[in-house]
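In: What follows is a protein structure lacking sequence information:
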């Protein structure tokens with residue numbers, strides 16, 4: 001039991017130590033804070049200035065604004081190619097997330113329940129994630145080439161001939177070179193949405209995106225598997241035993257017990273993969289480029305070609321800010337929701 005004389009001294013000593021730690025921590029964090037401020041926030045502010053400018057050029061930092069101020073963003077919204085990019089982003093993200101998360105979950109369950117060679121299969125399914133997007137895009141571009149790859153396999157195996165015999169049409173999918181858009185609802189939206197007349201593209205599902213979704217999901221379903229494996233490993237064995245006693249075994253165990261417990265891991269996986277999908281560039285650029293009729297075009301490709309090929313820097317900067325807003329709308333609510341939970 002400390003006496004009354006020493007207790008105030010101990011408290012005062014601890015307070016002095018805390019006060020000394022504050023400037024030390026500030027000095028340690030200052031370089032990182034300075035670098036992040038310059039290379040993130042200052043550059044974002046600079047990009048905003050370029051996006052609002054009327055005649056910014058490299059070597060000519062002319063930040064005179066347009067009249068009206070939002071003129072570049074208005075031109076962007078009325079740009080048919082960028083409208084196609086936004087359509088492609090929504091379609092790609094939805095299908096990519098569904099396929100990657102569902103396949104990753106089933107792979108995780110499969111690997112988790114293996115009694116032998118678990119490490120081998122875990123590494124095998126994670127291997128695509130270790131590849132670069134450029135390498136994946138080049139390989140899958142060959143696979144979906146209308147004259148080789150899968151189509152060549154269909155011809156040599158006799159599947160194409162059998163299909164032609166049954167239907168009278170040759171089985172020769174165009175894959176990434178298909179300009180077809182199915183499920184177009186643009187005419188309906190033009191009638192029910194104010195300002196719908198500005199829509200210049202078919203608002204449906206471009207068939208060329210199917211091949212791109214398969215390639216991207218193949219590469220990133222291993223990441224989803226790893227996330228779910230971590231979640232499965234965190235479930236105590238007692239929970240499974242108690243579930244079996246209560247009669248929840250087999251598929252019912254996974255539906256009623258495992259999936260609810262894996263919701264935090266699923267949410268984290270969805271947010272990370274959504275962030276990847278919204279910024280997807282290199283895999284699609286190497287695999288199909290913009291595609292016929294911009295069927296596989298993405299905002300990242302639009303920004304690159306607008307700024308460095310068309311030399312329209314202000315429009316490209318405006319498009320990059322739209323990408324930033326899209327990513328922010330996904331990441332910030334997630335971080336805001338996680339913050340109070342971790343504090344609690």
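Out: Now that the structure is in, tell me what you want to look at. It should be emphasised that the depicted structure is a prediction, and the values quoted were computed from it without experimental measurement.

In: buried sites along stretch 86-101?
Out: 86-89, 91-93, 95-97, 99-101 (16 or more other Cβ atoms under 10 Å). The C-beta positions use only the backbone N, C-alpha and C, and glycine is treated the same way.

In: want to try TSV for these, with secondary structure as columns?
Out: Written out in TSV, the entries for those read as follows (DSSP: H, G, I helix; E, B strand; the rest coil):
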residue	secondary structure
86	helix
87	helix
88	helix
89	helix
91	helix
92	helix
93	helix
95	helix
96	helix
97	helix
99	helix
100	helix
101	helix
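
In: quick one: which of those residues is nearest to residue 143?
Out: The nearest member of these to residue 143, counting by Cβ to Cβ, is residue 99 at 16.6 Å.

In: Now that closest one: closest residue in space that isn't a chain neighbour?
Out: residue 217 (4.2 Å; Cβ to Cβ, 6 or more residues apart in numbering).

In: What helix or strand is that neighbour located in?
Out: Taking DSSP states H and E as the definition, one finds residue 217 inside helix 208-233.

In: From the contact counts, what lies against that helix?
Out: Taking 3 or more Cβ pairs under 8 Å, 6 or more residues apart in numbering; DSSP states H and E as the contact definition, the neighbouring helices and strands of helix 208-233 are helix 80-112, helix 118-130, helix 133-143, helix 263-278, helix 282-287.

In: What average pLDDT does it get?
Out: Averaged over helix 208-233, pLDDT sits at 94.

In: What is the distance between it and the centre of its chain?
Out: Helix 208-233 has its average C-alpha position 11 Å from the chain's average C-alpha position, going by Cα atoms, centre = their mean, to the nearest Å.

In: buried sites along it?
Out: 208-229, 231-232.

In: quick one: it to helix 133-143, angle?
Out: Here helix 208-233 runs at 130 degrees with respect to helix 133-143, directions being taken by axes from the mean of the first three to the mean of the last three Cα atoms, to 10 degrees.

In: Touching the helix or strand that helix 208-233 is followed by from outside, list them.
Out: With elements assigned by DSSP H and E, the helix or strand that comes after helix 208-233 is helix 237-245. Taking contacts as Cβ atoms under 8 Å, 6 or more residues apart in numbering, the residues outside helix 237-245 that touch it are 249, 253, 256, 257, 261.

In: One more: stretch 57-64?
Out: Residues outside stretch 57-64 that contact it (Cβ under 8 Å, 6+ apart) are 49, 50, 52, 53, 54, 55, 56, 313.

In: Of those residues, which is the nearest to residue 132?
Out: Comparing the contacts of stretch 57-64 against residue 132 with Cβ to Cβ places residue 313 closest, at 28.0 Å.

In: Report the contact partners of the closest one.
Out: Residue 313 sits in contact with 50, 56, 57, 58, 307, where contact means Cβ under 8 Å, 6+ apart.

In: What of residue 151?
Out: For residue 151, the residues meeting the contact criterion (Cβ under 8 Å, 6+ apart) are 145, 160, 172, 173, 175.

In: element containing the first one, please.
Out: Secondary structure from DSSP H and E places residue 145 outside every helix and strand.

In: before we move on, back to that, for the buried ones among the contacts of residue 313, write the corresponding PyMOL selection.
Out: Selection of the buried residues among these in PyMOL, burial being defined by 16+ other Cβ under 10 Å:
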select buried, resi 50+56+307
